[in-house]
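S.K.: Make a model of this:
(chains A, B and C)
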Amino acid sequence: MNKFSPGQISEFQTRLVDWFQKNKRKLPWREKPNWYKTYLSEIMLQQTTVEQGLPYFKKFIDNFPTIIDLANSEEQRILYLWSGLGYYARARNMHKAAKKIRDEFAAEFPRDYKDALSIPGIGPYTAAAILSIAFNKTHAVVDGNVSRVISRIFAISKDIRLSSTQKQITEKAKLLLDPENPGLFNEAMMELGALICTPLKPDCNNCPVNLQCRAQAKNLVNEIPYKSPAKAKKKKFNLVFILRFNNKICLAKRPDTGLLAGMWEFPVKELNAKQFESFGENNLDQNFGIINTGPTVQSPKYRHQYSHIDLTYQAVITDLRDSVVQLSDYYEYKWLNFAELFDYPIHNAHKKILEWLKSLVSG
DNA sequence: AAGGCGGGGCA
DNA sequence: TGCCCAGCCTT
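M.R.: Numbers count the residues shown, from 1 in each chain, chains lettered A, B, ... in the order given. Okay, the predicted model is just below:
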């Protein structure tokens, strides 16, 4: 009852892979595949849906057709093309990775698992995915999709966040893996999780392995996987300054570590909830050391949810009497023409402000 | 082992 | 508005 027999494993593999070959999505990295396309797509699809990553994959393949092109690029160029996709450490690690592959692995992806793990941005999942999909090496992948599929197949109802549960799932993934077609099998597992065995309302009627699914048999599909509740996000409030002087606008670079590292933005002052509600009644000079020459223009309030922060923010357009501003939180900033603002890697919260600014200019 | 790190989408 | 999705890295 607790174990799949060799016959059942073989049947599972056959049914799954047959389903995959008939139902897989047409995706650009699946056309004329090579390891570089696999690598690029796997990095981009970490914590990211296919729909969201698709336009970025096309951009990167167009701009950097080979790993050498990627390695030879500037980091700011990579961040610019990546801006809006999030988790920007991926982009910076990708640049480091490309240089390492170029210099230490003769511009070829290493075939060894430990070597793959030594590359920045490549962990257990990505190493197994690239080695199996691009080189048909026998490594089982465990990503979010696979975790969900396996927890249902084996009716594992323990908290899926626990590392002990992940360990158990990894063992099951190795057990099910088809050693003859590891790449195909891994892709099929992930595609099943993405198309059929979805987090909400899984399409069990069209599942190729529903007869082997213990969650289905026990009518527990909606209870598995169990995930313990997430912590509440911290609420934060930002006042964003559109500082203007001589028809130029100030844009600043965030520090190289932490949230949105290395991305550009309009200078920000973090306020508490009370300050955020009342700043308009105060004098910007007294409160922020900013000397404005006239009335300010306020943007609508925006909300932006990060994985651990619930941010509310609002921009004010402020004309300065001189260009001396106290921006001690930033080590680099520039005064730019309006059009030049669009040439910098700006994170999404401030892209919304830029869009608002654009609507003022054109409207 | 736990927490930091984006952005999109849904009820 | 609250809350879901989730690999890699650092601590």
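
S.K.: Please make it C-alpha for all contacts and neighbour counts, starting now.
M.R.: OK.

S.K.: can you count the residues close to the nearest residue to A:Asp203 once chain neighbours are set aside?
M.R.: Spatial nearest neighbour of A:Asp203, excluding adjacent residues (CA to CA, 6 or more residues apart in numbering): A:Ile196 at 5.0 Å. Using other CA atoms under 10 Å, A:Ile196 is surrounded by 19 other residues.

S.K.: who's in contact with A:Ile196?
M.R.: A:Pro202, A:Asp203, A:Cys204, A:Asn206, A:Cys207 (CA atoms under 8 Å, 6 or more residues apart in numbering).

S.K.: what about 10 Å?
M.R.: A:Val149, A:Met190, A:Pro202, A:Asp203, A:Cys204, A:Asn205, A:Asn206, A:Cys207, A:Pro208 (CA atoms under 10 Å, 6 or more residues apart in numbering).

S.K.: List of residues touching stretch A:350-360?
M.R.: A:83-84, A:240, A:242, A:264-266, A:299-302, A:304, A:313-317, A:338-339, A:341-342, A:345-346, A:348, A:361, A:363.

S.K.: Could you pull up phi and psi at A:Lys96?
M.R.: phi -60, psi -40 (degrees, to the nearest 10).

S.K.: residues near it, how many?
M.R.: A:Lys96: 18 neighbours (other CA under 10 Å).

S.K.: same deal with the one 4 residues further on?
M.R.: Other residues lying near A:Lys100 total 18 when counted by other CA under 10 Å.

S.K.: A:Tyr226 is in contact with A:Lys158, correct?
M.R.: Yes. Taking CA atoms under 10 Å as the definition, A:Lys158 is a contact partner of A:Tyr226 at 6.4 Å.

S.K.: what do those two both touch?
M.R.: Counting by CA under 10 Å, 6+ apart, the contacts common to A:Lys158 and A:Tyr226 are A:Ser151.

S.K.: what's the closest non-adjacent residue to A:Gly123?
M.R.: A:Leu117 (5.6 Å).

S.K.: just to revisit the earlier point, now, of the contacts of stretch A:350-360, which are buried?
M.R.: A:83-84, A:240, A:242, A:264-266, A:313-317, A:341, A:345-346, A:348 (16 or more other CA atoms under 10 Å).

S.K.: in chain A, which spans are strands?
M.R.: A:234-245, A:248-253, A:264-265, A:268-271, A:297-305, A:309-319, A:332-336 (DSSP state E).

S.K.: Contacts only, for the residue nearest to A:Gly123.
M.R.: Contacts of A:Leu117 by CA under 10 Å, 6+ apart are A:Pro110, A:Gly123, A:Pro124, A:Tyr125, A:Thr126, A:Ala127, A:Ala128.

S.K.: Return the distance of the nearest residue to the fifth one once chain neighbours are set aside relative to DNA strand C.
M.R.: Same thing as A:Thr126. Leaving aside its chain neighbours, A:Thr126 sits nearest to A:Glu42 (6.4 Å; criterion: CA to CA, 6+ apart). Between A:Glu42 and DNA strand C the computed distance is 8 Å (CA to the nearest atom of the strand, to the nearest Å).

S.K.: Count the neighbours of A:Glu42 for me.
M.R.: Neighbour tally, A:Glu42, other CA under 10 Å: 19.

S.K.: these two touch, right, it and A:Gly123?
M.R.: No. In this structure, A:Glu42 is not within contact of A:Gly123 by CA under 10 Å, at 11.1 Å.

S.K.: what touches both of the two?
M.R.: A:Ala129.

S.K.: give me every residue that touches the closest residue to DNA strand B within the stretch 101-250 of chain A.
M.R.: Proximity of the stretch 101-250 of chain A to DNA strand B (CA to the nearest atom of the strand) peaks at A:Ser163, 5.3 Å away. By CA under 10 Å, 6+ apart, the contact set of A:Ser163 is A:Ile169.

S.K.: quick one: it and A:Thr170, what's the gap?
M.R.: As judged by CA to CA, to the nearest Å, A:Ser163 and A:Thr170 stand 10 Å apart.

S.K.: same check, this time on A:Phe60
M.R.: Relative to A:Thr170, and taking CA to CA, A:Phe60 is found at 32 Å.

S.K.: again with A:Phe279
M.R.: 52 Å.

S.K.: As a markdown table, the contacts of A:Leu117 with pLDDT and distance to A:Tyr330 would be great.
M.R.: Compiled in a markdown table, the contacts of A:Leu117 are given as follows (pLDDT from 0 to 100; distance: CA to CA, whole Å):
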| residue | pLDDT | distance to A:Tyr330 |
| --- | --- | --- |
| A:Pro110 | 98 | 39 |
| A:Gly123 | 98 | 32 |
| A:Pro124 | 98 | 36 |
| A:Tyr125 | 98 | 36 |
| A:Thr126 | 98 | 34 |
| A:Ala127 | 98 | 36 |
| A:Ala128 | 98 | 39 |
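
S.K.: Spell out which residues of the stretch 151-300 of chain A are next to DNA strand C.
M.R.: Within the stretch 151-300 of chain A, the positions adjacent to DNA strand C are A:Pro199, A:Lys227, A:Pro229, A:Ala230, A:Ala232 by CA under 7 Å from any atom of the strand.

S.K.: just for chain A, where's the confidence low?
M.R.: A:1-2, A:280-295, A:324-328 (pLDDT under 70).
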